[in-house]
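Student: build me a structure from this.
(chains A and B)
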Amino acid sequence: MERILEQIPRFFSGPNMALLLEAAGLTLAMTITGCLIGFGLAFVLVYLRQTPGLWALPLRWICITYVEVFRRIPFIVVIYLVLFFIQAVTPDASLFTIAVIAICLYAVAYTADIIRGGIESVPVTQVEAAQSMNLSRLQTNIRIVLPQAWPVIVPPAIAFAVSFIKDTALVSQVGVFELTFRGKELNNQGYSGLLVFGTIAICYFLLSFPLSMLGQYLEKRLATPRGERRTRKIRNP
Amino acid sequence: MPHLEVSDVRAKYGTLEVLKGISFSIKKGEIASLVGPSGSGKSTVLRALMGLTPITGGTVMIGNDRMNYSSAKEVRAARDRMAIVFQQYNLFQNMTVMKNLTLAPLKIKKWDSAEVMSEARRLLGLVGLSDRADAYPDQLSGGQQQRVALARALALKPQILLLDEVTSALDPELVNEVLDAIRKLANEGMTMIIVSHEMAFVREVADKVVFMDEGQIIEAGKPNDIFDNPQTDRARDFFSKILRH
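Tutor: This next block holds a predicted model:
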């Protein structure tokens, strides 16, 4: 305890804080970039997975396999796979790029099922009405289905991103200078582990808390009286 | 010459044959009504015409053109000529009444915007909802929603209008407002196929009644002949049960 108190002034010095701030920024940047790209690609994946017709069977099969496989691999294994694959292809790719790609691949698999759930919550009769007016599948999805699926998609998607901020700690294993990596570094410099990782814990909280607040805000905003009434109709058609 | 001619149309859900060779025809401006017990395939006939249930055999002619449902392009051609109103209205919940009416005419048919808007307002007037153009579907009663659905179908300027049990989901006191709107269309000479359980209404507006049971047409003819003097036991039995009260 005395050691911690004695270390505090030195630990909270300018250079150390700059280091942690940069690491926090990196953690946030990786998560947001990876999740946003992943979320976007997940829409493409869900759309391809719903392609009708016999000719698209392999396509549907690939999409389903992707989701099922990536949901069953630990994130740390995905990171190593991406690391070794990318390094074999382009040896000079930055570790940040590799981390973002790994996050992205993982986020696609998880958010694809969230999106699919949202889309399936929209009654099929809405799709039939659109079809009978000759709206294409893409038009039907963009104009009719997705606007009604948002209230179901957004809250769990944000919850996923919030929890994923923590999971990015794993990319420290391949040497990306994010929060946990810097923590270990400072710990190795002789700072008390309790002090260092206590601070790191607070950093993670400060990163994810605003995002959860945003999630709650969006959830409230999307659950308009209209939205509520519609969900009730779905349950008792 | 018939405007719509359906010949030996068949359809299956999985292995269950739900339409076992349906044939009937209507002339331009005529109203045909499909009646029969639940599960007899009446709604499936309309769904098959709209390409929502695949046709496994038979032919459909509109005017001189054969509708072929074998490719996406051909199904689009059929949908381009007909419009359907569903039992559950199926208005787009995320759009205002006006948007529901103008979406397909503007984005799919690519008609002139000013004309589409003024036609949409005319149709809302026709169904008595001029003041609800900016409302969302769930702010309307069932009867109002169904009248919007009727206007939405008409905005597509269909050659044939298909009505699938449009009053079955409505509270009894809301049925008449929808029937009144359909009556107006009948007077304007709209060609329609009406699936309905409102026998009094069918007798009033239909030129032809088609009685179906178990995926087949049992009897067809003029409303008075079918209702008052059915030739088959099955039809006699059905009408005696539902016309008694």
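
Student: for the helix or strand hosting residue B:237, packing partners?
Tutor: For residue B:237, the host element (DSSP states H and E) is helix B:233-242. Applying 3 or more CB pairs under 8 Å, 6 or more residues apart in numbering or on different chains; DSSP states H and E, we find helix B:233-242 packed against strand B:208-213, strand B:216-221, helix B:223-228. The way it works is simple: take the backbone N, C-alpha and C, and place the C-beta from them, glycine included.

Student: keeping just the C-alphas, turn that helix into PDB.
Tutor: The C-alpha coordinates for helix B:233-242 follow below in PDB (Å, rounded to 0.1, in the frame of the first residue of the first chain):
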ATOM      1  CA  ASP B 233     -75.200 -30.700 -53.200                       C
ATOM      2  CA  ARG B 234     -72.000 -29.100 -52.000                       C
ATOM      3  CA  ALA B 235     -73.100 -25.600 -53.000                       C
ATOM      4  CA  ARG B 236     -76.600 -26.200 -51.700                       C
ATOM      5  CA  ASP B 237     -75.200 -27.300 -48.400                       C
ATOM      6  CA  PHE B 238     -72.800 -24.300 -48.100                       C
ATOM      7  CA  PHE B 239     -75.300 -21.700 -49.100                       C
ATOM      8  CA  SER B 240     -78.000 -23.100 -46.800                       C
ATOM      9  CA  LYS B 241     -75.600 -22.800 -43.900                       C
ATOM     10  CA  ILE B 242     -74.400 -19.200 -44.500                       C
END
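
Student: chain A contacts on chain B?
Tutor: Applying CB under 8 Å from any CB of the partner chain, one finds that chain B approaches chain A through B:50-52, B:76, B:79-80, B:83-84, B:86, B:88, B:90-94, B:103-104, B:107-108, B:136, B:138, B:156.

Student: tabulate the helices and strands packed on helix B:233-242 (CSV), appending mean pLDDT.
Tutor: Converted to CSV, the helices and strands packed on helix B:233-242 look like this (pLDDT from 0 to 100):
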stretch, mean pLDDT
strand B:208-213, 95
strand B:216-221, 94
helix B:223-228, 92
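
Student: average pLDDT for the longest helix along chain B?
Tutor: Criterion DSSP state H: the longest helix present in chain B is helix B:172-187. Taken as a whole, helix B:172-187 carries a mean pLDDT of 90.

Student: tell me which other helices or strands it touches.
Tutor: helix B:142-154, strand B:192-195, helix B:199-205.

Student: would a markdown table of the ones you listed with distance to residue A:100 and mean pLDDT be doable?
Tutor: Converted to a markdown table, the helices and strands packed on helix B:172-187 look like this (distance: least, CB to CB, whole Å; pLDDT from 0 to 100):
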| stretch | distance to residue A:100 | mean pLDDT |
| --- | --- | --- |
| helix B:142-154 | 46 | 95 |
| strand B:192-195 | 56 | 96 |
| helix B:199-205 | 64 | 91 |
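
Student: what helix or strand does residue 33 sit in?
Tutor: Picking chain A for this. Element membership for residue A:33, per DSSP H and E: helix A:14-49.

Student: nope, chain B please
Tutor: Going by DSSP H and E, residue B:33 is part of strand B:31-35.

Student: okay, buried residues for that strand please.
Tutor: B:31, B:32, B:33, B:34, B:35 (16 or more other CB atoms under 10 Å in any protein chain shown).

Student: for the residues you listed, which one is nearest residue A:71?
Tutor: residue B:34 (47.8 Å; CB to CB).

Student: can you redo the helices and strands packed on helix B:233-242 as a markdown table with mean neighbour count?
Tutor: Listed next are these as a markdown table, based on neighbours: other CB atoms under 10 Å in any protein chain shown:
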| stretch | mean neighbour count |
| --- | --- |
| strand B:208-213 | 23 |
| strand B:216-221 | 18 |
| helix B:223-228 | 16 |
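
Student: the closest residue to residue A:138 other than its chain neighbours: how many residues sit nearby?
Tutor: Once flanking residues are discounted, residue A:138 sits nearest to residue A:47: 7.6 Å by CB to CB, 6 or more residues apart in numbering or on different chains. By other CB atoms under 10 Å in any protein chain shown, 16 other residues sit near residue A:47.

Student: rewinding a little: of the residues of chain B next to chain A, grab the buried ones for PyMOL.
Tutor: Here is the PyMOL command that selects the buried residues among those (16+ other CB under 10 Å):
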select buried, chain B and resi 50+51+52+79+83+84+86+88+90+91+92+93+94+103+104+108+136+138+156
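
Student: in helices only, show me the residues of chain B next to chain A.
Tutor: B:76, B:79, B:80, B:103, B:104, B:107.

Student: from those residues, pick the one nearest chain A.
Tutor: Of all these, chain A sits closest to residue B:104, with 3.9 Å by CB to the nearest CB.

Student: wait, that closest one sits on residue B:156?
Tutor: Yes - at 5.9 Å, residue B:104 counts as touching residue B:156 under the criterion of CB atoms under 8 Å.

Student: okay, and the common contacts of those two?
Tutor: residue A:133 (CB atoms under 8 Å, 6 or more residues apart in numbering or on different chains).

Student: going by distance to residue A:153, which of the ones in helices among the residues of chain B next to chain A wins?
Tutor: When those are compared against residue A:153 (criterion: CB to CB), the nearest one is residue B:103, at 22.3 Å.

Student: what about stretch A:191-211, average pLDDT?
Tutor: Stretch A:191-211 shows an average pLDDT of 89 in the prediction.

Student: list the buried residues of it.
Tutor: A:191, A:192, A:195, A:196, A:197, A:199, A:200, A:203, A:204, A:207, A:208, A:211.

Student: output it as PDB, nothing but the C-alphas.
Tutor: Output of stretch A:191-211 as PDB, limited to C-alpha atoms (Å, rounded to 0.1, in the frame of the first residue of the first chain):
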ATOM      1  CA  TYR A 191       4.600   0.300 -11.100                       C
ATOM      2  CA  SER A 192       2.300  -1.500  -8.800                       C
ATOM      3  CA  GLY A 193       0.000  -3.900 -10.700                       C
ATOM      4  CA  LEU A 194      -3.000  -2.800  -8.600                       C
ATOM      5  CA  LEU A 195      -2.400   0.900  -9.500                       C
ATOM      6  CA  VAL A 196      -1.800   0.300 -13.200                       C
ATOM      7  CA  PHE A 197      -4.700  -2.100 -13.800                       C
ATOM      8  CA  GLY A 198      -7.000  -0.100 -11.600                       C
ATOM      9  CA  THR A 199      -6.400   2.900 -13.800                       C
ATOM     10  CA  ILE A 200      -6.800   0.800 -16.900                       C
ATOM     11  CA  ALA A 201     -10.100  -0.600 -15.600                       C
ATOM     12  CA  ILE A 202     -11.300   3.000 -15.100                       C
ATOM     13  CA  CYS A 203     -10.200   3.800 -18.700                       C
ATOM     14  CA  TYR A 204     -12.300   0.900 -20.100                       C
ATOM     15  CA  PHE A 205     -15.300   2.100 -18.100                       C
ATOM     16  CA  LEU A 206     -14.900   5.600 -19.300                       C
ATOM     17  CA  LEU A 207     -14.700   4.400 -22.900                       C
ATOM     18  CA  SER A 208     -17.800   2.100 -22.800                       C
ATOM     19  CA  PHE A 209     -20.100   4.100 -20.500                       C
ATOM     20  CA  PRO A 210     -20.900   6.900 -23.000                       C
ATOM     21  CA  LEU A 211     -21.500   4.300 -25.700                       C
END
